[in-house]
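>>> build me a model from this:
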Amino acid sequence: MQRKAYVPGVAVCLAVLLAGCTGGSGDGATADDSNPGRPGVATEAAEPGKYRTLPEPCGAVGDKALDSLLPGIKEIADEERRRKAYAGEPTLAYDTDRKVGCRWKVESADATNHLFVDLQRIVSYDNSVSDDSEAEQLFAEQVEEADLPEPVASGSGSASGSSSPSGSPSSGAPSSGESTAGPSGTPSAPAASGSGSATAPSSSASADATPAELQPRLLDDLGDEAFVDDQLSSSGSTAKRRTVTVAFRTSNVVVTVEYAEQSATLGVVPDSEEMQDKARKLASQLADSLGG
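Okay, here's the model as predicted:
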């Protein structure tokens, strides 16, 4: 039996006819290859972020700022060591357009100060999500990790709480609510047995505690959104170390300033207000330099 010959021209004509039926439309719409799987539906790409690059981190902090944040830096006698101290040490970076950082450390007779500045440019890999939205989400995670306490009302009334209204006149002066609750409830037997030794630690704890107005909190005067964290730590008999972190987001860039001080003298606590002021001032300068 003789096979029927396959005629290429017929297949071509058939393909042309099919294309003419399905490929065109009355309104002239065409398929969008940028959105595979949904022909004919064009998706507009989300807006890119404001920033396309990052500044050199060690040069982003001026000498005057370093003089304030690192008090012992000007007293370094050796000229070469002093130059290196001002220059800082850049962190390892594989893509300087995406993430950069710099560290400084200076020891003085009174304390050892550390400064770390980190800048990260956020880029969304999802065409439907803008760089700003991606940065906003990542910053929200950073705020959550900081575990900021709930805002407290100023004044002694908020410290005493509802459990000790009758004792508020005597316990209103100390700033630590839970440490004053025990001594104010002196009728309780457990508190009376160690009242002499219990009051001393509570007074030292309240001295070390961060005042309510300086507690970790969100900030509304820096970038698009920002927060400050303040942690006081010590290990064993070593001197107190305070670390203040100020982080902010402006468009698709997230900047973190970490400023730490450890006193050289036991019992001396680094001042929270002073350190927060310095860290926030530097963060504001960085925001201005970014144009945010």
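
>>> and the helices in the stretch 51-200 of the chain?
With DSSP state H, counting those that start in this stretch as the criterion, the stretch 51-200 of the chain has helices at 63-69, 79-87, 131-146, 156-160, 168-171, 177-184, 189-193, 195-208.

>>> how about the second one: buried residues?
Okay, so that is helix 79-87. 85, 86 (16 or more other C-beta atoms under 10 Å). For glycine as for every other residue, the C-beta is placed from the backbone atoms N, C-alpha and C.

>>> give me the contacts around that helix.
Identification of contacts with helix 79-87 by C-beta atoms under 8 Å, 6 or more residues apart in numbering yields 58, 63, 66, 70, 73, 74, 76, 104, 106.

>>> out of those residues, which are buried?
Using 16+ other C-beta under 10 Å, the buried members of those are 58, 66, 70, 73, 76, 104, 106.

>>> among those, which pair sits farthest apart?
58 and 76 (17.0 Å; C-beta to C-beta).

>>> who's in contact with the nearest residue to residue 115 once chain neighbours are set aside?
Nearest non-adjacent residue to residue 115, counting by C-beta to C-beta, 6 or more residues apart in numbering: residue 104, 4.3 Å away. Listed by C-beta under 8 Å, 6+ apart, the contact partners of residue 104 are 61, 66, 69, 70, 73, 85, 88, 89, 113, 114, 115, 116.

>>> over to residue 103?
Residue 103 neighbours (C-beta under 8 Å, 6+ apart): 88, 89, 91, 114, 115, 116.

>>> one more pass at 7 Å, please.
88, 89, 91, 116 (C-beta atoms under 7 Å, 6 or more residues apart in numbering).

>>> flag the shaky bits of the stretch 51-200 of the chain, pLDDT-wise.
Where the stretch 51-200 of the chain drops to pLDDT under 70, the residues are 152-200.

>>> just to revisit the earlier point, now distance to residue 220 too, for the contacts of residue 104, in a markdown table please.
A markdown table is the format used below for the contacts of residue 104 (distance: C-beta to C-beta, whole Å):
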| residue | distance to residue 220 |
| --- | --- |
| 61 | 24 |
| 66 | 27 |
| 69 | 24 |
| 70 | 28 |
| 73 | 32 |
| 85 | 34 |
| 88 | 30 |
| 89 | 33 |
| 113 | 28 |
| 114 | 27 |
| 115 | 24 |
| 116 | 24 |
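
>>> residue 232: how many residues sit nearby?
15 (other C-beta atoms under 10 Å).

>>> do you know the pLDDT at it?
As predicted, residue 232 sits at a pLDDT of 92.

>>> nearest spatial neighbour of it, skipping sequence neighbours?
residue 242 (5.0 Å).

>>> and that neighbour, that one's in a strand?
Yes. Residue 242: assigned to a strand according to DSSP: H, G, I helix; E, B strand; the rest coil.

>>> pull the residues that contact stretch 141-153.
Contacts for stretch 141-153 (C-beta under 7 Å, 6+ apart): 158, 212, 215, 216, 217, 218, 227, 229, 247.

>>> ok, the nearest residue to residue 74 once chain neighbours are set aside to residue 100 distance?
Spatial nearest neighbour of residue 74, chain neighbours left out: residue 67 (5.9 Å); criterion: C-beta to C-beta, 6+ apart. Note on residue 67: its distance to residue 100, by C-beta to C-beta, to the nearest Å, is 23 Å.
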